[in-house]
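Chemist: what's the 3D shape of this:
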Amino acid sequence: MAAAAALLAVSVVFLVPGVLPQQQQDLPNLCGTKANGRYACPDCSTSAATSIRGAAFEANLLRFRDSLRDMAAANASFLNATFAAAGAGEDAVYGLATCLADAEMSDCAACLAAAAAELPGTRCASRRDMVLWYPQCLVRYDNASFFGAADMSPDRRFLVPNPNNFSDPAALDTARERLNGRMLAAAAESPARVAFGDEQVSANATLHGLAQCTVDLTLEECSRCLAAHMVWLGVCCADMDGARLSGPSCYLRFELMAFAPGTPPTMAPLVEPPPPSAAAPGGSSSGTGGSSSSSRKKARTYILAGALGGAALLLVGACLILTWWRWRKKEKERKQSSSSGGSRRKRMESLLQQQHPRRYSYAQVKRMTGSFAHKLGQGGNGAVYKGRLPDGREVAVKMLKEATQVDGEEFINEVASISRTSHVNVVTLLGFCVEGKSKRGLVYEYMPNGSLERYTAGGDLSWERLLDIAVGIARGLEYLHRGCNAHIVHFDIKPHNILLDAAFRPKISDFGLAKLLPQKESTIAVSIAGARGTVGYIAPEVFSRQAGAVTSKSDVYSYGMMVLEMVGARRSGIVVDGSGSTGASSSYFPECLYQDLDGFCASSACSGPEEEEVVRKMVVVGLWCIRMSPSDRPSISRVLEMLEKMTVAELQLPPEAQAAAAAGSSLTD
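Modeler: Now for the predicted structure:
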């Protein structure tokens, strides 16, 4: 299918040179601009045959208007339907409405409502067909069906050019051609008929693009429409920083300024055009059974002409296929990611069907952080800086290391997966930055109390507060494992990645970043050097396949290690000898806890029996979580039940802890 789309694009470029605009002003320019920045550009038929509208047509048009209002209220993003309840067939209204893929759903809904207000008499009052463009949507109706067929009329286009000229037009044109080739094939094959893409122009400039067709078009019709748009934009706007070109059937945009994907048209059943009628048979031959010399000469002439014509067509087809093959080969060599183009487009489709955080340029990130002046911390995969958005909100900006970079489209796809999370105990992703091959950033909400790491060593937080924090972290993990669409395994649960808001509510950060880090092999991890996470918190199965399968239970192990650290066992080095006195030792602390849990709880600076129960509960839950076999560990939902619904008396030690405690008791007898 990709070959068909690319081949068709090449053929369109060669077959439609006669309709190219000679001057930029040949294309319609911005029209109907209003003070609030919204604009509407109507295109009305000038045919006298379509200028008579009767009561039946008006009634059907009102039904289309009502459907637009319903569409806006339901946050739907694509509609094509026939309204023919009143009157005969010639009074039917064929209506189509679509959101543009760079518009947010709320903006598109407002756009559709505004378009409904234009009907039936404000625009094109006496006409039976109209195309109405807005920055966020397109609305069209006609009294003849246009579904499934691309309308590429040169006089039915709406151009919004960027007046700024780029300093290197040749480099910009080369980048646009490469980007166009990828977007055309991706959009034509996408069920939503939408594709976004990026292409490096220079060290400091990246071209961002969007290609979109109405959902009712077939692959071939979408390819034809976009290919024609790409040719026209290449003629009118070759040296411009950006431009938008809308037609009745497709939309093309390119900008040097990054723009975020909005809400693409939802997939609707494709309206296929009727198949062409069978060709009439050639004229029957006349004459007698005996063939004359003249008829034989004519037959030879026809055969020769047919052979030459067929050979010419084969030659042209071979040239086109060779051109496409060379282009495809260069594209494969250029791509750094090992992912195939098909899977890349599927992930991009998943991205486009979701709500998205805002995309920022690197210059915007630099401004919001004051040129990265206030560094909050440094992690294994990048540094975190404090920043401020234009609306005054404080943010934390994580800039990923160059060593952790992945392909730009892959990065955006994974960011889309992360951005679909929403939970009180999970940090909110507000935006992202992807520019060139080295600039990758994530913009999070700012947490004024920093990370839990600041509080694990000291006694600044009460035992009740620590228990609340442990419960909140477990709730956030349960959401990541089971509650969100992506089912994210964190792989790096530790105090450094638990942030505290102004009310000391815990929020899990850095979730999903494991997907953004390149792996040398397809397995999760096979060695300490290749393992995700932090040594000391990583589950055994992440180091070795022999320990079991890597699942969400790997996060449970890390959670247990962190809870034990929260109660002070890990940092203080507290151990218990046979007499029950405490001291310092290099022994692995779970074994010490196994041997004398009572002695440890008694030595944890508890002010009373209630706090001692909190310590005991956290220690017992932590011991269950760090069991060696993943199948022996509780799920995070079970952990929550143990922390919230079970008393200390109801909690039992894991079997190995019971055995160790019995062994320790026998030594003291």
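Chemist: contacts, neighbours, all on C-alpha from now
Modeler: Noted.
Chemist: Can you tell me the closest non-neighbouring residue to G560?
Modeler: G622 (4.1 Å; CA to CA, 6 or more residues apart in numbering).
Chemist: what's the helix or strand for that neighbour?
Modeler: helix 609-625 (DSSP states H and E).
Chemist: and the angle from the next helix-or-strand element following that helix to helix 609-625?
Modeler: Using DSSP H and E, the next helix or strand after helix 609-625 towards the C-terminus is helix 636-644. Helix 636-644 runs at 160 degrees relative to helix 609-625, counting by axes from the mean of the first three to the mean of the last three CA atoms, to 10 degrees.
Chemist: where along the stretch 401-550 of the chain do the helices fall?
Modeler: 408-419, 453-456, 463-478, 540-543 (DSSP state H, counting those that start in this stretch).
Chemist: go on, the stretch 51-200 of the chain?
Modeler: Ranges of helices in the stretch 51-200 of the chain, per DSSP H, counting those that start in this stretch, are 55-73, 105-118, 169-189.
Chemist: got any ranges where the stretch 151-300 of the chain has weak pLDDT?
Modeler: 154-155, 260-300 (pLDDT under 70).
Chemist: could you pull out the strands for it?
Modeler: 158-161, 194-202, 205-213, 242-246, 250-255 (DSSP state E, counting those that start in this stretch).
Chemist: The protein - how does it break down into domains?
Modeler: Residue ranges for the domains of the chain, per automatic domain parsing: 1-24+153-269+341-354, 31-142, 357-445, 453-668.
Chemist: Out of the helices of the stretch 51-200 of the chain, flag the one nearest G560.
Modeler: Ranking these by their distance to G560 (criterion: CA to CA) puts helix 105-118 first, at 41.6 Å.
Chemist: thinking again about what came up before, mean neighbour count and distance to V384 added to the helices of the stretch 51-200 of the chain, as JSON lines?
Modeler: Shown next, in JSON lines, are the helices of the stretch 51-200 of the chain (neighbours: other CA atoms under 10 Å; distance: least, CA to CA, whole Å):
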{"stretch": "helix 55-73", "mean neighbour count": "20", "distance to V384": "40"}
{"stretch": "helix 105-118", "mean neighbour count": "21", "distance to V384": "31"}
{"stretch": "helix 169-189", "mean neighbour count": "21", "distance to V384": "32"}
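Chemist: Turn these into a markdown table, columns for distance to C222.
Modeler: Listed next are the helices of the stretch 51-200 of the chain as a markdown table, based on distance: least, CA to CA, whole Å:
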| stretch | distance to C222 |
| --- | --- |
| helix 55-73 | 24 |
| helix 105-118 | 22 |
| helix 169-189 | 6 |
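Chemist: Which one of these lies nearest to C137?
Modeler: With respect to C137, and counting by CA to CA, the nearest of those is helix 105-118 at 6.0 Å.
Chemist: Give me the residues contacting the closest one.
Modeler: 65-66, 68-69, 71-73, 75-77, 97, 99-100, 132, 134, 136-137, 139, 262-263 (CA atoms under 8 Å, 6 or more residues apart in numbering).
Chemist: give me that answer again for 7 Å
Modeler: With CA atoms under 7 Å, 6 or more residues apart in numbering as the test, helix 105-118 has contacts from R65, L68, R69, A72, N75, C99, Y134, Q136, C137, G262, T263.
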